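*Asks:* please work out how this folds:
(chains A and B)
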Amino acid sequence: MKAQNTYLAQKYAKAFDLCAKNTKEAKANLSCYQKALKSIKQVEDIIKNPAIAFNVKKPLLDKVLGQDIGACFISLLVEEKRFYLAPFIEQELALLLDKRQGLARVQITSALPLNTSEQKQIEQVLSKYFNTSLNLSFKEDKNILGGLIIKKEDESIDGSILGQLKNLEQALKR
Amino acid sequence: MAIRPDEITAIIKEKIENWNASTNIREEGQVISVGDGIARIYGLEKAVAGELLEFESGVKGLVLNLEYDNIGCVLMGSDTLVKEGEKVYRTGKVMSVPVGDELLGRVVNPLGLALDGKTAIKTKETRPLEIIAPGVVERQPVNEPLQTGLKAIDAMVPIGKGQRELIIGDRQTGKTAIAIDTIINQKQQGKEVICIYCAIGQKQSTVAQVVQTLKDFGAMDYTIVVSASASDPASLLYVAPYAACAMGEYFMWQGRDVLVVYDDLSKHAQAYRQMSLLLRRPPGREAYPGDVFYLHSRLLERACRLNKENGGGSLTALPIIETQANDISAYIPTNVISITDGQIYLDANIFRSGRKPAIDVGLSVSRVGGSAQKKAMRKVAGTLRIDLAQYQELASFAQFGSELDKESQFQLARGQRLTELLKQTQYKPMLVEDQTLVLFAGTKGYLDEIAVNKVLAYQEELLNFARAKHADLLKEIAETKTLDGELENKIKAILDEFKTLFKGK
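*Replies:* Predicted coordinates for the structure are as follows:
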């Protein structure tokens, strides 16, 4: 199901992304979409209700959202009965924006929160390693005990204590 | 043996001390769904078809489908261990199996793990499961016989080293028996032949029985049994023959002769059909996928006789196919018949009438074996096939009870004796010189005066007599290039001598 949603979301996100002529516009479009998504929260129950016809929903949408590009896109999703894709589309749009900006998304997991200088240091090392500018996001997970797990798309660099203990377990089993 | 905890502690301590912590850099994906031995994986965009994947739970998987946004992969272990959302890693390797002399005498699964409860198998080398078969340049024609030890086969459907000969028939017609006899027979041959028996989708009890038989006859010393039983996942059944072939190829490239028995390929095709349907590949005839022909052709194409420059080794394949109600025109049987260099057709009716091995002479052929037959045998057996064919035609005609002329009666009598002569008990393979001698007696009419029910006794005693008094002649028959007049006269002299002896009893 997840893959199916992602697959569909990619199509919609791509179309929405193509509406923007440059990076700046794409950025503005994304924030517009996010704003629309936020403002629609208050009427979400009605929007998601399949029993209510679109022509009933339409005036409500216009009233809540206004008339910008984000609003148009959302009402298109509602009309096409694809509103459930909205969060996936948001993710895909963020990825597409990164692509426009030449940024690579990297997620860093650590056991304890990292301070700013540590984060800077990691960014420097990694941007040299991956040879692109990066869009870093940090996450904490006590389970990994120590060290870092770095994940860029499919590639994962596991330097955590947990990963090393698992390796040791394998080595001892042999 | 007492367990010494301090020693174990020391070993573990040493392992921990010598272990160097390294960072794992690898590509990672996620399991979207899992079930029926199939997992779908999101991510791993660089994975290639046929690659081995490793799941976090330790299960291995084989990439078979590369789709737009996911990977279809078959699991080489239990699917209950794999969970949705679990991480999957690329290994960058294709599937391979351990190969080497260490495997001889062992029972292993298709991944090369011991199934016989003995020590773990540690080999120096591994070979990939799927490789492209040797090309034209590396081969030479098949011109050396592989003796099965069965008169009916060695005389009429001879098999050469490097040939692919299909054994086909209904259930319970003695297909496996022929293969086992052939393996046992290699013991009494001059040059060692490594045998690999690959059991696909069989009952564990049947496999255990085969292993016990091979042990009893001392054939396990040069045999490897690869077993993927009925309870194993379809993926293991699917890779089993390729694993057996890879193990055989190792010996072949060392210049040795190998015999691989695939028992049986119908179950292999069914396992592949199961996997394909679960992977949502479109079904074709009998619901088999479109590439089921290639499934078997690429396997059997790997049977080969290498030329001198490449060591001169050979890999002979004896695939087995089980038919349903004598239907050899079903999908899989026709496929495999067209791939192989001939087939031995076993008939249930012949089996029930007591003729064992139950080979149907009319439908069985060997497309290359003739040139591989020993010269003496070829000369002796030359007319056997036609004689038998004529006899069978006449026999069905004679059933109507009409009066027959003398010539026909003679032919009928000869045929009955030859048919009787071709009977052979299980696990009693014969040397080629013994076969030649008795078939000579049969085709030259020495049996004509013997009662049909005495023919096998005649054979037994003739061989005892020849071995005791004329061992040199048997040796000469085995080594002769042409069965010339001189040797023929010698054989006739012996047969005449024996005739009076046998009659006297």
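*Asks:* from now on I want contacts and neighbour counts done on CA atoms only, so please keep to that.
*Replies:* Noted.
*Asks:* ramachandran angles for the nearest residue to B:F217 once chain neighbours are set aside?
*Replies:* Nearest residue to B:F217, sequence neighbours excluded (C-alpha to C-alpha, 6 or more residues apart in numbering or on different chains): B:I184, at 6.7 Å. The phi/psi pair for B:I184 (degrees, to the nearest 10) reads phi -60, psi -40.
*Asks:* just checking, B:I184 touches B:D216?
*Replies:* No: taking C-alpha atoms under 8 Å as the definition, B:I184 is not a contact partner of B:D216, at 9.9 Å.
*Asks:* more neighbours: which of the two?
*Replies:* Set side by side, B:I184 and B:D216 show more neighbours around B:I184, with 27 against 11, by other C-alpha atoms under 10 Å in any protein chain shown.
*Asks:* contacting residues around the more buried one?
*Replies:* B:214, B:217-219, B:427, B:429 (C-alpha atoms under 8 Å, 6 or more residues apart in numbering or on different chains).
*Asks:* which residue ranges form the helices in chain A?
*Replies:* Using DSSP state H, the helices of chain A run over A:2-18, A:23-39, A:44-48, A:54-65, A:69-79, A:86-101, A:116-130, A:161-173.
*Asks:* likewise for the stretch 351-500 of chain B?
*Replies:* B:375-381, B:384-398, B:406-421, B:432-443, B:455-469, B:471-479, B:485-504 (DSSP state H, counting those that start in this stretch).
*Asks:* tabulate those in a markdown table, adding columns for distance to chain A, mean pLDDT and mean neighbour count.
*Replies:* Listed next are those as a markdown table, based on distance: least, C-alpha to the nearest C-alpha, whole Å; pLDDT from 0 to 100; neighbours: other C-alpha atoms under 10 Å in any protein chain shown:
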| stretch | distance to chain A | mean pLDDT | mean neighbour count |
| --- | --- | --- | --- |
| helix B:375-381 | 54 | 87 | 21 |
| helix B:384-398 | 58 | 85 | 16 |
| helix B:406-421 | 57 | 90 | 18 |
| helix B:432-443 | 49 | 92 | 23 |
| helix B:455-469 | 55 | 92 | 16 |
| helix B:471-479 | 52 | 88 | 16 |
| helix B:485-504 | 63 | 87 | 13 |
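*Asks:* before we move on, back to that, any of the contacts of B:I184 buried? List them.
*Replies:* Buried subset of the contacts of B:I184 (neighbour count, 16 or more other C-alpha atoms under 10 Å in any protein chain shown): B:214, B:219, B:427, B:429.
*Asks:* before we move on, back to that, using a markdown table, please lay out the contacts of B:I184 together with pLDDT.
*Replies:* Output for the contacts of B:I184, formatted as a markdown table (pLDDT from 0 to 100):
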| residue | pLDDT |
| --- | --- |
| B:L214 | 96 |
| B:F217 | 95 |
| B:G218 | 94 |
| B:A219 | 95 |
| B:Y427 | 94 |
| B:P429 | 94 |
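*Asks:* mind checking which of these land in strands?
*Replies:* Within these, no residue falls in strands by DSSP state E.
*Asks:* in TSV, list those along with distance to A:Q91.
*Replies:* Shown next, in TSV, are the contacts of B:I184 (distance: C-alpha to C-alpha, whole Å):
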residue	distance to A:Q91
B:L214	63
B:F217	68
B:G218	67
B:A219	64
B:Y427	70
B:P429	72
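*Asks:* pick the one among those residues closest to B:K151.
*Replies:* Checking the contacts of B:I184 against B:K151 by C-alpha to C-alpha gives B:P429 as the nearest, at 8.3 Å.
*Asks:* excluding covalently adjacent residues, which one is nearest to B:A325?
*Replies:* In space, and not counting its chain neighbours, B:A325 is closest to B:D170: 6.4 Å by C-alpha to C-alpha, 6+ apart.
*Asks:* what residues are up against the one you found?
*Replies:* By C-alpha under 8 Å, 6+ apart, B:D170 lies in contact with B:322-326, B:346-348.
*Asks:* now the residue nearest to B:F217: how far from chain A?
*Replies:* 37 Å (C-alpha to the nearest C-alpha, to the nearest Å).
*Asks:* residues from the stretch 251-400 of chain B in reach of chain A?
*Replies:* Residues of the stretch 251-400 of chain B lying close to chain A (C-alpha under 8 Å from any C-alpha of the partner chain): none.
*Asks:* the closest residue to B:R414 other than its chain neighbours: neighbour count?
*Replies:* Nearest non-adjacent residue to B:R414, counting by C-alpha to C-alpha, 6+ apart: B:D448, 6.1 Å away. Applying other C-alpha under 10 Å, we find 20 residues neighbouring B:D448.
*Asks:* B:A199 too?
*Replies:* Neighbours of B:A199 using other C-alpha under 10 Å come to 30.
*Asks:* now it: phi and psi?
*Replies:* Per-residue torsions, B:A199: phi -90, psi 120 (degrees, to the nearest 10).
*Asks:* contact partners for it?
*Replies:* Residues in contact with B:A199 (C-alpha under 8 Å, 6+ apart) are B:207, B:225-229, B:240, B:262-264.
*Asks:* would you mind listing what in chain A touches chain B?
*Replies:* Close to chain B, as judged by C-alpha under 8 Å from any C-alpha, chain A has residues A:1-3, A:7, A:154-160, A:163-164, A:168, A:171-172.
*Asks:* again, only this time at 7 Å
*Replies:* Proximity of chain A to chain B, by C-alpha under 7 Å from any C-alpha of the partner chain, involves residues A:3, A:7, A:154-159, A:164, A:172.
*Asks:* and chain A, what are its domain boundaries?
*Replies:* Following automatic domain parsing, chain A resolves into domains at A:3-99, A:103-173.
*Asks:* export these to CSV and tack on mean neighbour count?
*Replies:* As requested, the domains of chain A are exported to CSV (neighbours: other C-alpha atoms under 10 Å in any protein chain shown):
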stretch, mean neighbour count
domain A:3-99, 16
domain A:103-173, 16
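*Asks:* out of those domains, nearest to B:G43?
*Replies:* Nearest of the domains of chain A to B:G43, taken as C-alpha to C-alpha: domain A:103-173 at 6.1 Å.
*Asks:* distance between the ends of the closest one?
*Replies:* One end of domain A:103-173 sits 41 Å from the other (C-alpha to C-alpha, to the nearest Å).
*Asks:* so for it, mean pLDDT?
*Replies:* Per-residue pLDDT over domain A:103-173 has a mean of 88.
*Asks:* restrict the buried ones among the contacts of B:I184 to contacts with chain A.
*Replies:* Judged by C-alpha under 7 Å from any C-alpha, the overlap between the buried ones among the contacts of B:I184 and the neighbourhood of chain A is nil.
*Asks:* between those, which is nearest B:K492?
*Replies:* The closest of these to B:K492 turns out to be B:P429 (C-alpha to C-alpha; 24.3 Å).
*Asks:* spit out the contact partners of that closest one.
*Replies:* Counting by C-alpha atoms under 7 Å, 6 or more residues apart in numbering or on different chains, B:P429 touches B:149-150, B:181, B:185.
*Asks:* likewise A:Q10?
*Replies:* A:89, A:92.
*Asks:* gap between it and chain B?
*Replies:* Distance, A:Q10 to chain B, using C-alpha to the nearest C-alpha: 11 Å.
*Asks:* next one, pLDDT for that residue please.
*Replies:* 87.
*Asks:* low-confidence ranges, the stretch 1-150 of chain B, go.
*Replies:* Within the stretch 1-150 of chain B, the segments meeting pLDDT under 70 span B:1.
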